[in-house]
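Colleague: missing the sequence, but the structure's below:
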């Protein structure tokens with residue numbers, strides 16, 4: 001059997017030969033940036049008005065902080081408008097710090113841009129709901145996000161652009 005640095009046996013590594021098991025840990029999660037604007041409240045008080053038009057944007061970013069620590073962040077924007085103008089604009093960057101060990105280099109980017117945001121999203125979803133409700137509006141209830149599809153689309157757009165950049 002193979003042994004970890006602390007001398008304990010690692011059965012997963014033993015089953016795979018000499019490859020140690022991937023270890024991932026959520027070290028912290030936090031609001032990195034937050035803005036909620038309600039610029040036309042006096043106009044909105046005159047009546048319920050028509051249903052809002054919602055524009056939602058989601059971006060995911062990651063960066064290495066040191067050898068084993070990585071930050072993964074969801075950049076979320078919700079912009080609600082109607083004929084009166086902007087009803088509200090919510091901008092949130094919700095991030096997590098992850099300690100990741102023994103991950104192959106080719107698996108690191110997908111892990112940071114798919115798996116980590118999937119772990120963070122329920123907290124962002126709750127935050128968006130609470131902030132819009134506390135702002136005096138019905139809670140914004142976000143549908144689940146398929147981060148794998150977002151990642152694949154981003155990779156395809158990057159591959160499509162790379163020949164042009166050369």
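Modeller: Received it, and whenever you're ready, just let me know what you need. Quick caveat: nothing in here was measured; it's all calculated off a predicted structure.

Colleague: which residue is nearest the middle of the chain?
Modeller: The centroid of the chain falls nearest to residue 74 when counting by C-alpha atoms, centre = their mean (2.7 Å).

Colleague: name the element it belongs to?
Modeller: strand 69-82 (DSSP states H and E).

Colleague: helices and strands around that strand, which ones?
Modeller: strand 53-64, strand 85-101, helix 116-134 (3 or more C-beta pairs under 8 Å, 6 or more residues apart in numbering; DSSP states H and E). The way it works is simple: take the backbone N, C-alpha and C, and place the C-beta from them, glycine included.

Colleague: need those in JSON lines with distance to residue 29, can you?
Modeller: Shown next, in JSON lines, are the helices and strands packed on strand 69-82 (distance: least, C-beta to C-beta, whole Å):
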{"stretch": "strand 53-64", "distance to residue 29": "14"}
{"stretch": "strand 85-101", "distance to residue 29": "4"}
{"stretch": "helix 116-134", "distance to residue 29": "6"}
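
Colleague: turn the ones you listed into CSV, including mean pLDDT, mean neighbour count and distance to residue 23.
Modeller: Converted to CSV, the helices and strands packed on strand 69-82 look like this (pLDDT from 0 to 100; neighbours: other C-beta atoms under 10 Å; distance: least, C-beta to C-beta, whole Å):
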stretch, mean pLDDT, mean neighbour count, distance to residue 23
strand 53-64, 96, 14, 16
strand 85-101, 95, 19, 4
helix 116-134, 97, 17, 14
